[in-house]
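Trainee: next come a sequence and a model predicted from it.
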Amino acid sequence: MNVRAVWAGGGVLWRPSAIHPEQPEIAVIHRPRYDDWTLPKGKTEPRETVLASAVREIAEETGYSVVLGRHLRQVTYALNGAKRKHVRYWAARATGGEFAPNKEVDDLRWLAPEAARTVLTYTLDRLVVDEFLAKPADLHTFLLVRHAKAGRRARYRGADPDRPLERYGRLQAEALADMLALFGVKKLYAADRARCVQTLEPLAKQLGGRKIHIEPSFSEEAYAEDPEAAHKRIVALAAKRDAVRVVCSQGKAIAPLMQWWAQRDGFALPPNRNRKASTWVLSIDHDGRVVDVEHIDDPLPDFE
């Protein structure tokens, strides 16, 4: 018997406590159809990424807009029939909105974490909250992207730094714009290569014409010549907490840079293929150190 996978996205919707701003409050929702208390989540639609479904479903069920932070965990359970449901959860900080009862959710409560754990109906939801609480809520997000697919070097007659994205690469860049926006990116940086700049141009346009800052130290050639300069610059950018930043670089710079960073800050690199248009999502603490990392292999929809 074939087991069909159903994918869904959700999150731990949180905000700073009004009484103790250094502590988070967590939103739990009541679904009258099941008479349960749970975390907001929902099925991924066709041609939608799980990341996008998490943000959309949180908004539909709770009324709150969010920016995503670190990936928390994936849970899996059986549905009726030959189906398995896989739900991916992210930390999701509320940025605006207001709850109103709807056809799926008739109540929402903002609770202290321990109170939320007590109210939640399902053990799997409590495990997700435990993962959220295992690290500080107010971690800062920093993103590192490999440029989208460019035409083959052997077929391009101009100087290699000017080699542009190919058709599929432009499609990847458009998808990246939508994905990176889910993390609240506001400031953009690119190595001094046309393909790196072009990878971020759809996002810059989506953000109202944001400037893409050129960073020569992040090209492959510059990294090979002076990796220390790139290390110092990337750490300095990641430590800035005034805005979420994204850097677009090249594969032969990103791979050794991430290996150096993992050794410096003591985190494990998840399996990755360092593909074109792949993204590293780094969660940074107040000391400027990486405490969590996620690798997104492809910005295009994960599952049909």
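Mentor: In hand now; what should we look at?

Trainee: from now on I want contacts and neighbour counts done on CA atoms only, so please keep to that.
Mentor: Fine.

Trainee: can you classify Phe183 by secondary structure?
Mentor: Using DSSP: H, G, I helix; E, B strand; the rest coil, the structure places Phe183 in coil.

Trainee: quick one: it and His286, what's the gap?
Mentor: As judged by C-alpha to C-alpha, to the nearest Å, Phe183 and His286 stand 18 Å apart.

Trainee: quick one, which of those two is more surrounded?
Mentor: Phe183 (24 against 13; other C-alpha atoms under 10 Å).

Trainee: okay but that one is in contact with Gly69, surely?
Mentor: Yes: counting by C-alpha atoms under 8 Å, Phe183 sits close enough to Gly69 to count as a contact (6.4 Å).

Trainee: which neighbours do the two share?
Mentor: The contact sets of Phe183 and Gly69 overlap at Thr141 (C-alpha atoms under 8 Å, 6 or more residues apart in numbering).

Trainee: chain center to the helix or strand where Ser283 lies, what's the gap?
Mentor: Using DSSP states H and E, Ser283 sits in strand 279-284. How far strand 279-284 lies from its chain's middle: 7 Å, per C-alpha atoms, centre = their mean, to the nearest Å.

Trainee: what's in contact with whichever helix or strand comes after that strand?
Mentor: Going down the chain from strand 279-284, the next helix or strand is strand 290-296, by DSSP H and E. Strand 290-296 is touched from outside by 70-71, 265, 267, 269-272, 278-285, with contacts defined as C-alpha under 8 Å, 6+ apart.

Trainee: kindly recompute the last result at 7 Å.
Mentor: By C-alpha atoms under 7 Å, 6 or more residues apart in numbering, the residues outside strand 290-296 that reach it are 71, 265, 267, 270, 272, 278-285.

Trainee: please apply the same query to stretch 145-154.
Mentor: Among residues not part of stretch 145-154, those counted as contacts by C-alpha under 7 Å, 6+ apart are 160, 163-166, 168-169, 172-173, 195-196, 199, 247-251, 276-280.

Trainee: may I see the buried residues of stretch 88-101?
Mentor: Neighbour-count burial for stretch 88-101 flags Arg88, Tyr89, Trp90, Ala91, Ala92, Arg93, Ala94, Phe99 (criterion: 16 or more other C-alpha atoms under 10 Å).

Trainee: what about Arg157, neighbour count?
Mentor: 9.

Trainee: SS state for it?
Mentor: Assigned with three-state DSSP, Arg157 falls in the coil class.

Trainee: and it, how far from Pro164?
Mentor: Arg157 is 11 Å from Pro164, where distance means C-alpha to C-alpha.

Trainee: go on, Ala27?
Mentor: Noted for Ala27: a distance of 45 Å to Pro164, by C-alpha to C-alpha.

Trainee: helices of the stretch 101-250 of the chain, start to end?
Mentor: Assigned by DSSP state H, counting those that start in this stretch, the stretch 101-250 of the chain shows helices spanning 113-119, 123-133, 167-181, 194-206, 220-225, 227-239.

Trainee: among those, which is nearest Tyr77?
Mentor: helix 123-133 (9.3 Å; C-alpha to C-alpha).

Trainee: CA atoms of that closest one as CSV?
Mentor: This file holds the C-alpha atoms of helix 123-133, laid out as CSV (Å, rounded to 0.1, in the frame of the first residue of the first chain):
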residue,chain,number,x,y,z
THR,A,123,2.0,16.1,22.9
LEU,A,124,3.5,16.9,19.5
ASP,A,125,2.6,20.6,19.9
ARG,A,126,4.2,20.7,23.3
LEU,A,127,7.4,19.2,21.8
VAL,A,128,7.4,22.1,19.2
VAL,A,129,7.0,24.6,22.0
ASP,A,130,9.8,22.9,24.0
GLU,A,131,12.1,23.4,20.9
PHE,A,132,11.1,27.0,20.7
LEU,A,133,12.0,27.6,24.4
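
Trainee: tell me which residues in that helix are buried?
Mentor: Asp125, Arg126, Val128, Val129, Glu131, Phe132.

Trainee: what residues are up against the third one?
Mentor: By C-alpha under 7 Å, 6+ apart, the residues touching Val128 are Leu72, Arg73.
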